[in-house]
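Trainee: what's the 3D shape of this:
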Amino acid sequence: MIEFHPIRLEDRATIERYTMPSEICNCDLAFANMFCWLPVYHSAWAEIDGFLVIRFHIDGGERIGYMQPVGPGDFTPVIPQLRDDAHAHGQRLRIIGLTDEGREMIRRAHPGAFAFESDRNLEDYVYNAADLRNLTGQHYQPKRNHINRFTDEYPDYRYEELTPERFDECMALECEWRKVHEGHTTELCAEQRAMHRAFAHFEALGLQGGCIYVGDRLVAFTYGSAVNDHTFDTHVEKADTRYDGAFTIINKLFAQHLPERFTLINREEDLGIEGLRRAKLSYRPAFLQHKFTAIRLHPDELFCRQLWVEAFGDEEAFIDSFLMRYYSRRRMLTASCDGKPAAMLHLLPFETAFGPAAYVYGVATAAAYRHRGLATGLLQEAIRRAEAEGCRALFLIPTPGDDHLRAFYERLGFSGAVPATFHSPDGFDFGTGTAENDLAMLRPCGEPLSLPERIEATLAL
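Mentor: Predicted structure coming up:
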């Protein structure tokens, strides 16, 4: 098993020997981020055959993930060692934070073995530093206007370097902001604890920061550190929102005070927060740093993907999204023929106005094994299971325009042509249920059920 070491301050030089020459702009590779968020992610590092590997706990939970190995050339030869390490912890291999190039390396080295997905909410916004320093051009006119209004209203403002004597003021401003926006100040959140660690080791972490004062009052502060030799990452930016324009001016002046060697500035992700997304997009990023997750597929998942492609012809990205978000071995029913898996369906739990329901999704039989009753058997088992689990009904959406399929489902008790709308946290496309012929059929479980005018289905995983 690989010998991983918990990240300590004294490890900075070793880790940055790999990250500084790298072209990867991922904010998670900034040493200060690794160290400051250590209590949450329990990050550890190892050197494997000329590559730096970071292992961490995903979302601070029990599952472990590995960052894309950092080093020159092709990192895929170390993947078997990562797989063995994951298996030693009783887990599958998950590689997190893959760049586009990293994803392609794995695809070439292990064709079909991994599923990939990048979460838009976690992609980093990376800007040309010159754009943030100068705000030139028509697109930045609103930003310049915002700054002009701030300087006109607060002519006694000043920019100061963030130094240790200002740390207490910064934490007080952050706590006040959090009290106004989130309604609590008693318990330190994870970000506040990370800030405490940053301020306690500011110089040793290579952090740089700046402040805006109006008179003697701190109204904004920010700090960050290098991701690599030419990319600076802004870890924290806070402002008193009563001072309109404080965020805009601290952003510009801090960029101006960074060393010229930084040609890119990473302002991290938006976490899916609509207002934050609009604000980050308004600065016109040079690009979004993709952070693909790769999972090593189990044999049942490989079967699901292969049959899905054969039966439905969907793109790999869509199938991978389903596998990574919603696939469950317990919820996939399969049938075998000649000792091989040959048919499948997925039974997904949803809440509806008429009670708990099971959505029958992805019903498919391999072409070589059709007309042998495999799908019929799976649907009968799905009906039995849904009834045993207390569902009020099952519903499904037949392939649009296929009258044969509708007749097939009718023989099993499904009926109707009902518009369906699906609600899930990530908006996954479970089917439109609205186009002509693309409508849901319903089968009651037990007691009769009147066909609703519309099915509003909310995922209940």
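
Trainee: in the chain, where is pLDDT below threshold?
Mentor: 181-188, 432-437 (pLDDT under 70).

Trainee: got phi/psi on residue 90?
Mentor: phi 70, psi 30 (degrees, to the nearest 10).

Trainee: would you put the C-alpha positions of stretch 348-360 in CSV?
Mentor: C-alpha atoms of stretch 348-360 as CSV (Å, rounded to 0.1, in the frame of the first residue of the first chain):
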residue,chain,number,x,y,z
LEU,A,348,-36.0,4.8,-9.2
PRO,A,349,-38.0,6.1,-6.2
PHE,A,350,-40.0,9.3,-6.7
GLU,A,351,-42.6,11.2,-4.6
THR,A,352,-45.8,12.3,-6.4
ALA,A,353,-49.1,13.9,-5.5
PHE,A,354,-50.7,10.4,-5.4
GLY,A,355,-47.9,9.1,-3.1
PRO,A,356,-44.6,7.2,-3.4
ALA,A,357,-44.0,5.9,-6.9
ALA,A,358,-41.4,3.9,-8.8
TYR,A,359,-40.1,5.2,-12.1
VAL,A,360,-39.1,2.3,-14.5
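
Trainee: three-state assignment of residue 147?
Mentor: Under DSSP: H, G, I helix; E, B strand; the rest coil, residue 147 falls in the helix class.

Trainee: any idea how far it lies from residue 251?
Mentor: 9 Å (C-beta to C-beta, to the nearest Å). Quick note: C-beta positions are derived from backbone N, CA and C, even for glycine.

Trainee: which of these two has more neighbours?
Mentor: residue 251 (26 against 18; other C-beta atoms under 10 Å).

Trainee: tell me, how many residues neighbour residue 189?
Mentor: Residue 189: 12 neighbours (other C-beta under 10 Å).

Trainee: check whether it really touches residue 175, as I assumed.
Mentor: No: Residue 189 is not in contact with residue 175 according to C-beta atoms under 8 Å; the separation is 10.2 Å.

Trainee: between those two, what contacts are shared?
Mentor: Counting by C-beta atoms under 8 Å, 6 or more residues apart in numbering, residue 189 and residue 175 have no contacts in common.

Trainee: residues in contact with residue 342?
Mentor: Residues in contact with residue 342 (C-beta under 8 Å, 6+ apart) are 334-336, 365-366, 368-369, 374.

Trainee: okay, which residue is most central for the protein?
Mentor: In the chain, the residue lying closest to the centroid (C-alpha atoms, centre = their mean) is residue 119, at 3.4 Å.

Trainee: and the gap between that one and residue 205?
Mentor: Residue 119 is 27 Å from residue 205, by C-beta to C-beta.

Trainee: ok, now residue 301?
Mentor: 40 Å.

Trainee: higher neighbour count, the two?
Mentor: It is residue 205, of residue 301 and residue 205, that has more neighbours when counted by other C-beta under 10 Å, with 23 against 20.

Trainee: and the closest residue to the more buried one other than its chain neighbours, how many residues sit next to it?
Mentor: Sequence neighbours aside, residue 32 is the residue nearest to residue 205 in space, at 4.3 Å (criterion: C-beta to C-beta, 6 or more residues apart in numbering). Close neighbours of residue 32, defined as other C-beta under 10 Å, add up to 25.

Trainee: gap between the helix or strand where residue 32 lies and the chain center?
Mentor: Element membership for residue 32, per DSSP states H and E: helix 31-36. In terms of C-alpha atoms, centre = their mean, to the nearest Å, the centre of helix 31-36 is found 20 Å from the chain centre.

Trainee: ok, stretch 257-264 next?
Mentor: For stretch 257-264, the distance to the chain centre is 28 Å (C-alpha atoms, centre = their mean).

Trainee: buried stuff in it?
Mentor: Under the neighbour-count criterion of 16 or more other C-beta atoms under 10 Å, stretch 257-264 has 258, 262, 264 buried.

Trainee: please narrow those to those residing in strands.
Mentor: residue 264 (DSSP state E).

Trainee: for the buried residues of stretch 257-264, give me a markdown table that also has distance to residue 6.
Mentor: As requested, the buried residues of stretch 257-264 are exported to a markdown table (distance: C-beta to C-beta, whole Å):
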| residue | distance to residue 6 |
| --- | --- |
| 258 | 30 |
| 262 | 29 |
| 264 | 30 |
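
Trainee: would you map the strands across the stretch 51-200 of the chain?
Mentor: For the stretch 51-200 of the chain, the strands defined by DSSP state E, counting those that start in this stretch occupy 51-57, 64-67, 94-98, 114-118, 124-128, 157-161.

Trainee: give me the contact list for the third one.
Mentor: Residues external to strand 94-98 that are found in contact with it (C-beta under 8 Å, 6+ apart): 26, 28-29, 56, 58, 63-68, 79, 82, 86, 102, 106, 114, 116, 290-296.

Trainee: again, 6 Å this time
Mentor: Applying C-beta atoms under 6 Å, 6 or more residues apart in numbering, the set of residues contacting strand 94-98 from outside is 26, 28, 65-68, 291-295.

Trainee: return the closest of these with respect to residue 220.
Mentor: Residue 220 lies nearest to residue 28 out of the contacts of strand 94-98, by C-beta to C-beta, at 25.0 Å.

Trainee: for that closest one, what are its contacts?
Mentor: residue 97.

Trainee: so which bits of the following helix or strand past the helix holding residue 32 are buried?
Mentor: Next along the chain after helix 31-36, taking DSSP H and E as the criterion, comes helix 38-41. For helix 38-41, a neighbour-count test (16+ other C-beta under 10 Å) marks 38, 41 as buried.

Trainee: now do stretch 378-391
Mentor: 378-379, 382-383, 386-387, 391.

Trainee: out of those residues, which sit inside helices?
Mentor: 378-379, 382-383, 386-387 (DSSP state H).

Trainee: tell me which residues touch the closest residue to residue 44 other than its chain neighbours, please.
Mentor: Using C-beta to C-beta, 6+ apart and skipping the chain neighbours, the partner closest in space to residue 44 is residue 4 (3.8 Å). Residues near residue 4 by C-beta under 6 Å, 6+ apart: 44, 46, 55.

Trainee: state the distance from residue 4 to residue 59.
Mentor: Distance from residue 4 to residue 59, counting by C-beta to C-beta: 19 Å.

Trainee: over to residue 205?
Mentor: Counting by C-beta to C-beta, the gap from residue 205 to residue 59 is 23 Å.

Trainee: repeat that for residue 17.
Mentor: 29 Å.

Trainee: so those two - more neighbours on which side?
Mentor: residue 17 (13 against 10).

Trainee: tell me which element that one is part of?
Mentor: Residue 17 belongs to helix 12-19, assigned by DSSP H and E.
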